[in-house]
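>>> below is the sequence, then the predicted model.
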Amino acid sequence: MCSQIFNLCVHGRHKALLEYIQPLLSAQLPVEQHHQGCTDQNHYTIHSQRNRHLQGLLGTRETIPICRVRCQSCRAVFTVLPSFILRYRRQDADCLGKLLEMNLGMGLTLRETATLYSWMGIEHGWQPGWIWNLVQWLGNLLPVFLLLMRMGLSPPKHLLSDEKFAVLNAEQVNLFLVSEQELIWYGKSMTTIDEDSFTQTIETFCVGMDGAARASEYLEAEDEYVPISVTTDGWIAAQNAWVAVVSSVSLIECKLHGNKRVSCSLDEYVKAHPDLPSEQLEQVTADFNSILKAPSLAAFSQRIRRNLVRYHDEPILLKRLNILKDKRFRFTNVLKFKDAPAYSAPLDRSIRFLDEKLEVSGQFRAEHAIDPMLNAWAIVNNLRAFLPGAQKAGQSLAQFFGAKVKGIPWMEVLNLCTVGTLQNLIPTLS
């Protein structure tokens with residue numbers, strides 16, 4: 001709830017407080033939180049007032065009066081918290097938000113985060129273990145896809161999907177992420193990268209999206225979340241898994257990865273022909289580059305056919321041409337959709353930062369800690385604002401994609417979204 005609750009409570013204006021919180025409590029509290037048999041969840045009375053001790057970022061401590069209300073129908077009692085107080089935390093939202101940005105938005109270790117905090121002159125600085133617990137708390141709070149929908153974002157129609165390798169106890173683990181451009185919607189670790197593992201992970205993602213979309217009223221009870229397209233880097237196991245889970249999805253292969261593989265084939269061709277004239281190499285390069293620049297499926301196929309004839313006696317080039325022929329639909333599917341990404345670069349950039357972060361932080365060295373860490377990082381990545389001078393200065397990624405946060409700091413937005421949809425929790429009231 002908004003901090004206006006705090007002001008009303010402090011000044012003892014209980015009548016005004018009740019008028020303010022009636023619609024908010026109705027939006028926050030589902031029927032199952034009331035006692036069984038409750039017939040009216042719209043009327044409350046003041047039950048009591050308690051004090052909560054809060055610590056700010058710079059160590060200042062405040063005593064905040066907290067109001068508790070009673071349902072007039074079933075007599076259940078509920079604690080009414082302002083948006084800057086998070087349930088079961090003893091630090092205010094500003095403090096928690098800045099610490100999480102410091103730890104998850106920068107390439108800092110847990111120890112470095114705690115050290116920076118101690119440099120602020122705090123008498124009792126928090127230790128690395130406390131920061132680790134804070135990240136795990138955030139990661140277990142609610143899934144990032146549910147948070148985004150409660151902020152007013154509709155489920156994405158066109159996805160980016162990628163996987164990266166990391167190290168856990170000297171063994172390889174795999175990080176699977178799904179995004180809408182740079183906006184992260186899902187993160188999960190996998191022990192293997194075979195088709196079965198991808199299928200299980202993608203199925204978990206889709207089932208989670210189903211539930212979140214229904215709860216946020218983007219889907220009817222009988223409907224399922226079905227993305228239109230997904231852009232991948234060309235990993236066959238991942239592509240097959242997407243088709244197995246979402247049979248109607250249009251697979252798009254990243255053109256950047258396609259160009260890189262063409263370049264590798266050309267390098268191999270040059271090594272096999274060290275005396276190749278530069279003019280001939282330029283012509284071969286132009287012929288292959290023109291394929292991926294084709295404006296349509298028909299042009300793509302035609303250029304492959306011509307090059308198959310032109311280079312029929314060059315095994316290295318023929319091999320690459322046949323691969324491009326097999327993938328002609330995946331390289332040209334992007335042309336069917338206005339908003340589908342042709343490149344996976346936006347997600348690649350995010351994953352590179354995450355990979356470096358995991359390497360230096362060490363906070364994922366227990367297997368159970370990886371997924372909460374990924375979810376916490378995704379939340380901070382999506383909600384923290386860009387700095388002045390950036391193209392999206394003053395906005396967060398979630399805002400750039402259409403979330404209306406109404407001028408509320410991101411940690412308070414997160415706090416509100418733990419209990420319901422943001423637009424229902426912040427009505428226009430006098």
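Received, thanks. Numbers count the residues shown, from 1 in each chain.
>>> surely residue 145 is in a helix?
Yes. Counting by DSSP: H, G, I helix; E, B strand; the rest coil, residue 145 is located in a helix.
>>> test my guess that it contacts residue 208.
Yes. Under the criterion of CB atoms under 8 Å, residue 145 makes contact with residue 208 at 6.2 Å. C-beta here means a position set from N, CA and C on the backbone, and glycine is covered the same way.
>>> mind listing the shared neighbours of the two?
Contact criterion CB atoms under 8 Å, 6 or more residues apart in numbering; residues bridging residue 145 and residue 208 by contacting each: residue 186.
>>> residues in contact with residue 243?
249, 251.
>>> remind me which residues of this structure are low pLDDT?
In the predicted model, the chain carries pLDDT under 70 at residues 1-14, 120-126, 169, 361-365, 390, 427-430.
>>> got the domain ranges for it?
4-82, 92-254+343-425, 255-329 (automatic domain parsing).
>>> now those domains as CSV including distance to residue 335?
Listed next are those as CSV, based on distance: least, CB to CB, whole Å:
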stretch, distance to residue 335
domain 4-82, 44
domain 92-254+343-425, 10
domain 255-329, 6
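>>> comparing residue 145 and residue 208, which shows the higher neighbour count?
residue 145 (25 against 18; other CB atoms under 10 Å).
>>> find the nearest non-adjacent residue to that one, please.
residue 185 (4.9 Å; CB to CB, 6 or more residues apart in numbering).
>>> how close does that neighbour get to residue 229?
Residue 185 is 14 Å from residue 229, where distance means CB to CB, to the nearest Å.
>>> neighbour count: these two, which is higher?
Under the criterion of other CB under 10 Å, the comparison of residue 185 against residue 229 puts residue 185 first, with 25 against 22.
>>> what sits against the residue minimising distance to the centre of the chain?
Nearest to the geometric centre of the chain sits residue 184, at 2.5 Å (CA atoms, centre = their mean). Each residue near residue 184 by CB under 8 Å, 6+ apart is listed here: 144, 177-178, 350, 377-378, 381-382.
>>> where's it, which helix or strand?
strand 183-190 (DSSP states H and E).
>>> looking at the contacts of residue 184, which are in strands?
177-178 (DSSP state E).
>>> buried ones among the contacts of residue 184?
144, 177-178, 350, 377-378, 381-382 (16 or more other CB atoms under 10 Å).
>>> dump the residues you listed to a markdown table, plus distance to residue 268.
Output for the buried ones among the contacts of residue 184, formatted as a markdown table (distance: CB to CB, whole Å):
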| residue | distance to residue 268 |
| --- | --- |
| 144 | 41 |
| 177 | 31 |
| 178 | 33 |
| 350 | 31 |
| 377 | 38 |
| 378 | 38 |
| 381 | 38 |
| 382 | 41 |
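>>> of all the residues you listed, which comes closest to residue 212?
Nearest to residue 212, judged by CB to CB, of the buried ones among the contacts of residue 184 is residue 144 at 9.9 Å.
>>> what about the nearest residue to that closest one once chain neighbours are set aside, distance to residue 139?
Counting by CB to CB, 6+ apart, residue 144 lies nearest to residue 378, which is 4.3 Å off, once chain neighbours are set aside. Separation of residue 378 from residue 139 (CB to CB) stands at 9 Å.
>>> check residue 292 too.
Residue 292 is 39 Å from residue 139, by CB to CB.
>>> ok, the two, which is more surrounded?
A direct count of neighbours by other CB under 10 Å for residue 292 and residue 139 places residue 139 higher, at 23 against 18.
>>> ok, now which ones touch the more buried one?
371-376, 379.
>>> quick one: which of the residues you listed is nearest residue 116?
When these are compared against residue 116 (criterion: CB to CB), the nearest one is residue 376, at 18.4 Å.
>>> what's the burial count for that closest one?
Residues lying near residue 376 (other CB under 10 Å) number 24.
>>> that one reaches residue 100, doesn't it?
Yes. Using CB under 8 Å, residue 376 makes contact with residue 100 at a distance of 7.3 Å.
>>> what touches both of these two?
135, 138.
>>> farthest residue from the center of this structure?
Ranked by distance from the centre of the chain (CA atoms, centre = their mean), the top residue is residue 275, with 50.3 Å.
>>> would you say that residue is within a helix?
No. Read with three-state DSSP, residue 275 is coil and lies in no helix.
>>> tell me who's in contact with it.
No contacts exist for residue 275 under CB under 8 Å, 6+ apart.
>>> longest helix anywhere in this protein?
As assigned by DSSP state H, the longest helix anywhere in the chain is helix 195-215.
>>> just the strands in the stretch 201-350 of the chain please.
Taking DSSP state E, counting those that start in this stretch as the criterion, the stretch 201-350 of the chain contains strands spanning 229-232, 250-253.
>>> strand partners (parallel or antiparallel) of the last one?
In this case it means strand 250-253. strand 229-232 (parallel) (DSSP bridges).
>>> residues in contact with the strand it pairs with?
Everything outside strand 229-232 that qualifies as a contact, by CB under 8 Å, 6+ apart, is 157-162, 238-239, 242, 246, 249-254, 333-334, 337, 340-344.
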